[in-house]
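*Asks:* Need coordinates for the below:
(one chain, ligands or ions: 2)
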Amino acid sequence: MSNYQQIYQRSQDDPEGFWAEAAEEIDWYRKWDRVLDDSNPPFYRWFDGGELNTCYNAVDRHVESGRGEQAAIIYDSPVTDQQRTTSYRELQSQVAAFAGVLRQYGVAKGDRVIIYMPMVPEAAVAMLACARLGAIHSVVFGGFAARELATRIDDTKPKVIVSASCGIEPNRVVEYKPLLDQAIEYSAHKPDHCIILQRPQAVAGMNAGRDIDWTTAVASAEPADCVPVAATDPLYILYTSGTTGEPKGVVRDNGGHAVAMKWSMQHVYGVEPGEVYWTASDLGWVVGHSYIVYGPLLNGSTTILFEGKPVGTPDPGTFWRIIGEHKVRVMFTAPTAFRAIKKEDPDGVYIKKYDLTNFRTLFLAGERCDPDTLFWAQDQLKVPVIDNWWQTETGWAIAANCMGIEQLEVKPGSPTKVVPGYNVQVLDEQGDEVAKGEIGTIVLKLPMPPGTLMTLWNADQRYIDSYLSQYPGYYLTGDAGFKDEDDYLWIMSRIDDVINVAGHRLSTGGMEEVLAFHPEVAECAVFGVADPLKGELPLGLVVLKSGSEIAEQVLRKELIALVRERIGPVAAFKLVTPVQRLPKTRSGKILRGTMKKIADGNTWKMPATIDDPAILDEITEALASLGYPKS
Ligand code: COA
Ligand code: AMP
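*Replies:* Ligands and ions are numbered 1, 2, ... in the order given. Model prediction:
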């Protein structure tokens with residue numbers, strides 16, 4: 001049996017023994033009573049009775065064990081032309097001070113804090129400070145608009161919101177404060193205070209009494225110590241797109257999360273304490289939570305916090321400069337970043353300018369890694385390129401080539417095999433396992449391993465309805481795919497209306513809800529079309545109310561602006577056109593799948609249940625007016 005096989009088998013035969021052993025890598029104030037509490041299915045709890053503090057494990061214990069002078073965070077910001085290294089000792093004092101500020105403004109264990117910040121080290125400090133107090137953070141990605149932020153404020157009811165005056169995109173300074181003020185105006189719940197980090201690129205106006213200046217508050221703060229919390233207490237809530245405009249608040253615990261993060265850093269990513277690890281993503285996404293902040297810091301590694309883009313900040317050599325300059329051993333990003341670089345520097349001219357001798361492995365996730373991107377990255381970098389599949393809900397990889405266990409053969413297009421701890425099955429509509437090579441719905445057998453979601457915030461029933469009710473005893477991933485004869489997993493598509501744009505997960509249903517707000521729109525459909533750079537792009541077709549006389553150009557502009565204003569620029573919604581009618585089944589279901597196939601230039605069959613086949617000719621024409629299918 002191979003090393004991977006043995007470890008995988010052990011995780012299945014004796015999950016409690018397996019995870020109890022992994023939990024020895026974490027410092028506990030009190031050991032657990034039960035490794036797995038399965039007394040209340042479908043809700044499972046890991047390390048029940050245990051007490052720990054995630055911040056202590058990510059920061060303080062490394063100072064105590066002699067890593068105080070090691071770099072904890074290297075901030076590299078080509079958009080502001082800055083670099084700043086923070087040692088574990090400095091991080092400890094910064095986090096303790098900011099936790100003191102939060103405490104001073106009333107934040108205690110169990111309270112929620114929203115963090116709406118750009119990619120600055122203070123965002124990581126704020127996350128860790130919440131963890132230090134046992135408060136629950138909810139980071140909101142900066143590319144979301146005020147209304148999205150407002151939804152999250154109303155759902156989490158934060159005591160305090162931590163934000164900054166601005167973020168920096170290559171083409172503009174994004175002022176966060178007006179967005180924050182607007183969101184608080186929209187929301188029914190009002191935070192007691194907002195703590196604002198002023199950045200020189202745009203100074204925010206402060207709201208007297210409510211807003212607190214970060215720097216002034218920290219200067220006089222009384223440092224706060226780590227507060228022991230139950231392993232099963234929530235560490236954070238992270239919202240992700242579901243099938244409607246209402247985002248789902250994924251809840252992560254403290255104990256299982258710390259154990260899974262530490263285990264995955266060593267076994268999946270093969271990173272040792274003291275090594276430099278870089279994830280180019282954003283703290284607003286799960287990849288940022290797990291592998292910019294918690295994973296590397298729980299592991300005692302050095303993490304890089306990058307404020308920039310793969311291209312244009314200033315050129316497609318930025319990634320290689322960072323790897324060379326900071327001696328990065330392992331990097332993690334989304335395939336779309338590599339497609340962006342490949343497009344600008346197909347021959348890898350910039351790669352040759354830097355010393356990449358320390359670089360060992362590249363991991364890609366967030367969307368399927370297309371073989372072209374994989375081959376290009378392998379050829380250029382001459383290191384293993386490893387696809388790994390997971391999602392916000394699981395918090396860490398479900399399938400990967402576990403480099404810390406044993407490197408298996410890479411099959412381009414597959415994220416390799418199931419990671420120890422998970423039991424992945426591919427089911428048909430009746431809930432039976434399909435044969436090898438056959439596509440089905442991918443599910444995870446319950447209980448899932450530590451570190452996966454506990455529930456949805458304040459919505460246990462929605463958690464059951466969204467994920468657990470279709471196949472009792474299993475968690476529905478929302479992905480479809482198959483296992484091949486070697487037990488490699490292949491992730492082929494989503495089974496719901498979620499699309500993946502530049503590695504960002506978006507709900508087309510949410511966009512449809514926004515388009516329906518437009519006074520001239522009677523009906524609409526949004527679906528994802530293939531894009532060579534971003535993987536997918538949303539495309540909208542709208543039917544206007546009868547008698548509408550709005551000019552097409554005006555309509556397009558207004559609809560694009562509406563999605564940008566209500567969801568945010570991250571939706572990348574730029575393709576929309578009016579149509580006379582939408583194709584539907586006789587029972588009234590819009591045929592989005594067929595329209596997507598036409599737009600992508602794939603072969604398609606006339607659906608047997610279509611109400612009026614002639615409509616598809618009109619749709620084909622409308623798509624052609626937007627340039628689809630691409631020639
Ligand atoms: N704050 C405000 N606006 C933001 C933002 C933020 N934090 N992040 C993105 N946006 C804006 C962008 O400026 C862009 O606005 P525009 O329409 O005015 O140009 C819009 O949101 C869409 O962003 P994006 O889809 O990221 O496109 P892009 O052209 O700016 O960059 C890539 C494309 C591929 C370079 C970029 O998406 C990338 O580096 N992705 C890979 C890494 C990653 O973050 N993966 C996520 C999960 S692992
Ligand atoms: P998110 O929750 O934003 O991380 O998005 C998760 C979804 O992105 C998954 O359910 C998949 O649809 C897709 N995804 C992420 N990583 C991969 C991968 N390596 N291969 C295929 N799809 C992926």
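*Asks:* any chance you could map the strands in the stretch 251-400 of the chain?
*Replies:* Ranges of strands within the stretch 251-400 of the chain are 276-279, 302-306, 330-333, 361-364, 385-387, 399-400, based on DSSP state E, counting those that start in this stretch.
*Asks:* Test my guess that Tyr628 contacts Val529.
*Replies:* Yes: with contact defined as CB atoms under 8 Å, Tyr628 counts as touching Val529 (5.9 Å). C-beta: built from backbone N, CA, C; applies to glycine.
*Asks:* shared neighbours of these two, which are they?
*Replies:* Taking CB atoms under 8 Å, 6 or more residues apart in numbering as the contact rule, Tyr628 and Val529 both touch Leu539, Leu575, Ala599, Asp600.
*Asks:* Could you list which of those residues belong to strands?
*Replies:* Taking DSSP state E as the definition of strands, the shared contacts of Tyr628 and Val529 contribute Leu539, Leu575.
*Asks:* In JSON lines: the shared contacts of Tyr628 and Val529, plus distance to Ala124, pLDDT and neighbour count.
*Replies:* JSON lines is the format used below for those (distance: CB to CB, whole Å; pLDDT from 0 to 100; neighbours: other CB atoms under 10 Å):
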{"residue": "Leu539", "distance to Ala124": "36", "pLDDT": "98", "neighbour count": "26"}
{"residue": "Leu575", "distance to Ala124": "36", "pLDDT": "98", "neighbour count": "20"}
{"residue": "Ala599", "distance to Ala124": "40", "pLDDT": "97", "neighbour count": "26"}
{"residue": "Asp600", "distance to Ala124": "39", "pLDDT": "97", "neighbour count": "18"}
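*Asks:* in a strand, that's where Lys596 is, yeah?
*Replies:* No: using DSSP: H, G, I helix; E, B strand; the rest coil, the secondary structure at Lys596 is helix, not a strand.
*Asks:* which SS class is the closest residue to it other than its chain neighbours?
*Replies:* Of all residues not flanking Lys596 in the chain, Phe527 sits nearest, at 4.7 Å (CB to CB, 6 or more residues apart in numbering). Following three-state DSSP, Phe527 is assigned to strand.
*Asks:* again with Gln92
*Replies:* Classified using three-state DSSP, Gln92 is helix.
*Asks:* measure it to Val125 for me?
*Replies:* 10 Å (CB to CB, to the nearest Å).
*Asks:* Same question for Tyr475.
*Replies:* Following CB to CB, the distance that separates Tyr475 from Val125 is 33 Å.
*Asks:* residues near the residue nearest to Lys596, how many?
*Replies:* Look at Phe527: counted by other CB atoms under 10 Å, it has 24 neighbours.
*Asks:* partner residues bridging it?
*Replies:* Beta-bridge partners of Phe527, counted by DSSP bridges, are Leu539.
*Asks:* residue contacts, it?
*Replies:* Counted by CB under 8 Å, 6+ apart, Phe527 has contacts Asp497, Ile499, Thr508, Pro538, Leu539, Arg592, Gly593, Met595, Lys596, Ala599.
*Asks:* just Lys343 next, same as before
*Replies:* Taking CB under 8 Å, 6+ apart, one finds Val311, Leu533 in contact with Lys343.
*Asks:* Please apply the same query to Pro629.
*Replies:* Neighbours of Pro629 in contact, by CB under 8 Å, 6+ apart: Ile598, Ala599, Asp600, Gly601, Leu623.
*Asks:* My understanding was that the fourth one contacts Ala624; is that so?
*Replies:* If I follow you right, that is Gly601. No: if you go by CB under 8 Å, Gly601 and Ala624 don't touch, sitting 11.0 Å apart.
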